[in-house]
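Peer 1: let me see the structure of the following:
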Amino acid sequence: MLLTHGTNAGAQQPAVRPDVLFLVVDDMNDWISLLDPAAPIKTPHLERLAARGMLFTKAYCASPSCNPSRTATLTGVRPSTTGVYGNRSDWRRAMPTRPTLMQRFMEAGYDVRGAGKVFHHHLDGAFHDKASFHDFQPMRPQQYPPEKLNWAPEYGSKNTDWGRWPETVEQTIDFQTAEYCVRALQERPLDKPLFLACGIYKPHSPFFAPPAYHVPFETITGPPLPADDMADLPAGARTLLGESDWFWQGLRKLDERRPGAYHDFLRSYAACASLADEQIGRVLTALEKSGRSGRTIIVLWSDHGFHLGEKEHLEKFALWEKTTHVPFIVVAPGVAAPGGRCHAPVDLMTIYPTLLELCGLPADPECEGVSLTSLLRDPDAEWERPALMTYGRGNHAVRSRDWRYIRYADGTEELYDHRHDPQEWNNIAADGKFAPILAEHRAWLPKQDAPPIADLKPAKGRKGQ
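Peer 2: The predicted structure is shown next:
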């Protein structure tokens, strides 16, 4: 499937390959109006984008952690194959010769540019793959107020903070990232295909956004949090969470000492999501004005979801719905009808092969995902594959249309019936009548669990972020 745009068909000039706008968002969960009209976080620009193409309502990350998720998506190879399980895993050591998605487009003659957080930003940018871009503007360093805004210097690090800061949007990381992408769309010549990657950092912590972004969320309330939600979790779940419990327990203690802290945390996350949506809108407007819009394939995805207290958990680093369910939109002119909705469960391993097929590049047999082109043409087409997620060696989740199955490295399991329990409050894995469902989902687990690849060590003088 090759989308082409001839400048003058009568003169039989060679067609120009389609451009690609690649939008990556960090920590954007499903508490947004794109996926739930009743959600408090309004995302008009994501909805504007979805109106142009296909929204996948049941899309899931490859791993609920920045580095393994982005590495898997951008190389087409799952964490269980590479051993890239953590945020410090040295992914290039695991795959020294594996071409990234961007390198495939460079080989095909594309001008490949990018800005912001595309690969993981840890260790002062050490995870960035310079060979994957002709030109790249790194994510600007995070700036901090003189003192923590949450009045809790003892709680976590300076990234464990939230509030109204800085004063103007022009001072934010994502405004600068979007500005680069706007310029790239304005300045790049139309006679060479463009692959432009835009990595939006928010709503990643620290949850800082200018004051105006907080105003719509003054009365926001949190998700329902049953007191016994942890009671039916197996040992594997508690082992996987490990020390991440400090984040939730610390917020509870802070809220007791300073009532309203949890509300401020939620409001600040929402404000950051709104900021991200607006910066994406700026890039979309620039695309519409560039003359490239009709020939541009657009992919938008978040690297993983984010807990806001569900399962007594904050952040990601777990295998439940809230940590893995992500916004995912594909605009493919001439292939996907505008305003389409696909409810088949898919994971982000589909991005690499889908873009190759849509742009007429050779297929890659090493990709561990499959192309979504059939669903772009017909969202009700037969699709029997579930989504697969991995976090840490031996820990996997399988999401089918109606079920979420989790198996941990110690063999313990969870099973949730999303037809009746979308909040995943009732683990029914121990109920014998669901044995056939368990067997069906176990069959999709990876056949191997690679040993963890070594962590990338900071260069002398560097500190991990």
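
Peer 1: what is the mean pLDDT for stretch 31-48?
Peer 2: The pLDDT scores in stretch 31-48 average 97.

Peer 1: buried residues in that stretch?
Peer 2: Going by neighbour count (16 or more other C-beta atoms under 10 Å), the buried part of stretch 31-48 is 31-35, 39-43, 45-47. Every C-beta, even on glycine, is put in place using the N, C-alpha and C of the backbone.

Peer 1: distance from the chain centre to that stretch, please.
Peer 2: 16 Å (C-alpha atoms, centre = their mean, to the nearest Å).

Peer 1: tell me where the model's unsure across the stretch 201-350 of the chain.
Peer 2: Across the stretch 201-350 of the chain, nothing is flagged by pLDDT under 70.

Peer 1: how much space separates Q171 from E179?
Peer 2: Noted for Q171: a distance of 12 Å to E179, by C-beta to C-beta, to the nearest Å.

Peer 1: compare neighbour counts for those two and give me the winner.
Peer 2: More neighbours surround E179 than the other of Q171 and E179, with 17 against 14 (other C-beta atoms under 10 Å).

Peer 1: show the pLDDT at that one.
Peer 2: For E179, the predicted pLDDT is 98.

Peer 1: Three-state assignment for the residue lying closest to N87 once chain neighbours are set aside, please.
Peer 2: Counting by C-beta to C-beta, 6 or more residues apart in numbering, N67 is the residue found nearest to N87 once chain neighbours are left out, at 4.5 Å. Look at N67: counting by DSSP: H, G, I helix; E, B strand; the rest coil, its state is helix.

Peer 1: what residues are up against N67?
Peer 2: V84, G86, N87, R88, S89, W91, F119, H120, H122, F127 (C-beta atoms under 8 Å, 6 or more residues apart in numbering).

Peer 1: again, only using 6 Å
Peer 2: Neighbour list for N67: N87, S89, H120 [criterion: C-beta atoms under 6 Å, 6 or more residues apart in numbering].

Peer 1: show me those residues that map onto helices.
Peer 2: Among those, no member is found in helices (DSSP state H).

Peer 1: closest to A337 among these?
Peer 2: Proximity of these to A337 (C-beta to C-beta) peaks at H120, which lies at 34.6 Å.

Peer 1: that closest one and F127 touch, don't they?
Peer 2: Yes: the pair H120 / F127 is scored as a contact, 4.2 Å apart, by C-beta atoms under 6 Å.

Peer 1: find the residues that touch each one of the two.
Peer 2: With C-beta under 6 Å, 6+ apart, H120 and F127 have no common neighbours.

Peer 1: need phi/psi at V25.
Peer 2: With angles defined as degrees, to the nearest 10, V25 sits at phi -120, psi 150.

Peer 1: cool, and the one 3 residues further on?
Peer 2: Here the main-chain torsion angles of M28 (degrees, to the nearest 10) amount to phi -80, psi 110.

Peer 1: how about V299?
Peer 2: Here the main-chain torsion angles of V299 (degrees, to the nearest 10) amount to phi -120, psi 130.

Peer 1: for it, give me its contacts.
Peer 2: F22, V330.

Peer 1: if I look at the residue nearest to A212 when sequence neighbours are not counted, how far off is P211?
Peer 2: Once flanking residues are discounted, A212 sits nearest to V169: 7.9 Å by C-beta to C-beta, 6+ apart. Between V169 and P211 the computed distance is 10 Å (C-beta to C-beta).

Peer 1: between these two, which is the more surrounded one?
Peer 2: Ranked by neighbour count (other C-beta under 10 Å), V169 and P211 place V169 first, with 17 against 13.

Peer 1: would you confirm that that one contacts A209?
Peer 2: No: in this structure V169 lies outside contact range of A209 using C-beta under 6 Å: 8.4 Å.

Peer 1: looking at this structure, which helix is longest?
Peer 2: Criterion DSSP H: the longest helix present in the chain is helix 261-290.

Peer 1: list the buried ones in it?
Peer 2: For helix 261-290, the neighbour count (16+ other C-beta under 10 Å) marks 261-284, 286-287, 290 as buried.

Peer 1: now swap in stretch 385-395 and tell me
Peer 2: For stretch 385-395, a neighbour-count test (16+ other C-beta under 10 Å) marks P386, A387, L388, M389, T390, Y391, G392, R393, G394, N395 as buried.

Peer 1: which two of these have the greatest separation?
Peer 2: The largest separation in those, counting by C-beta to C-beta, is between P386 and R393 at 20.6 Å.

Peer 1: so R17 sits against P193, correct?
Peer 2: Yes: counting by C-beta under 6 Å, P193 is a contact partner of R17 at 4.2 Å.

Peer 1: what sits up against stretch 79-98?
Peer 2: 63, 65-68, 71-72, 75, 122, 390, 392-393, 446, 449-456.

Peer 1: measure that stretch end to end?
Peer 2: End-to-end distance for stretch 79-98, by C-alpha to C-alpha, to the nearest Å: 14 Å.

Peer 1: state the mean pLDDT of it.
Peer 2: Mean pLDDT, stretch 79-98: 95.

Peer 1: quick one: stretch 415-434 to chain centroid distance?
Peer 2: Distance, stretch centre to chain centre, for stretch 415-434: 26 Å (C-alpha atoms, centre = their mean).

Peer 1: residues of that stretch that come out buried?
Peer 2: Using 16+ other C-beta under 10 Å as the test for burial, stretch 415-434 gives L415, Y416, H418, Q423, E424, N427, I428, A429, F434.

Peer 1: stretch 439-459 now?
Peer 2: Buried residues in stretch 439-459, counted by 16+ other C-beta under 10 Å: H441, L445, D449, A450, P452, I453, L456.

Peer 1: got the contact list for that stretch?
Peer 2: Stretch 439-459 has contacts (C-beta under 6 Å, 6+ apart) with 80-81, 83-85, 88-90, 93-94, 123, 386, 393-394, 396, 398, 405, 464.

Peer 1: how far off centre is that stretch?
Peer 2: 19 Å.

Peer 1: could you dump it to PDB, C-alpha only?
Peer 2: The C-alpha trace of stretch 439-459 is given here as PDB (Å, rounded to 0.1, in the frame of the first residue of the first chain):
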ATOM      1  CA  ALA A 439      -5.900 -21.300  28.700                       C
ATOM      2  CA  GLU A 440      -6.900 -19.200  25.700                       C
ATOM      3  CA  HIS A 441      -5.000 -16.200  26.900                       C
ATOM      4  CA  ARG A 442      -2.000 -18.100  28.100                       C
ATOM      5  CA  ALA A 443      -1.400 -19.300  24.500                       C
ATOM      6  CA  TRP A 444      -0.500 -15.700  23.500                       C
ATOM      7  CA  LEU A 445       2.300 -15.300  26.100                       C
ATOM      8  CA  PRO A 446       5.800 -14.900  24.700                       C
ATOM      9  CA  LYS A 447       7.600 -18.100  24.100                       C
ATOM     10  CA  GLN A 448      10.800 -16.700  25.500                       C
ATOM     11  CA  ASP A 449      11.800 -14.200  28.300                       C
ATOM     12  CA  ALA A 450      15.200 -12.900  27.400                       C
ATOM     13  CA  PRO A 451      17.600 -12.100  30.300                       C
ATOM     14  CA  PRO A 452      17.700  -8.400  31.200                       C
ATOM     15  CA  ILE A 453      20.200  -6.400  29.200                       C
ATOM     16  CA  ALA A 454      22.700  -4.500  31.300                       C
ATOM     17  CA  ASP A 455      21.900  -0.900  32.300                       C
ATOM     18  CA  LEU A 456      23.500   2.000  30.500                       C
ATOM     19  CA  LYS A 457      25.900   3.700  33.000                       C
ATOM     20  CA  PRO A 458      26.100   7.500  33.200                       C
ATOM     21  CA  ALA A 459      29.100   9.000  31.600                       C
END
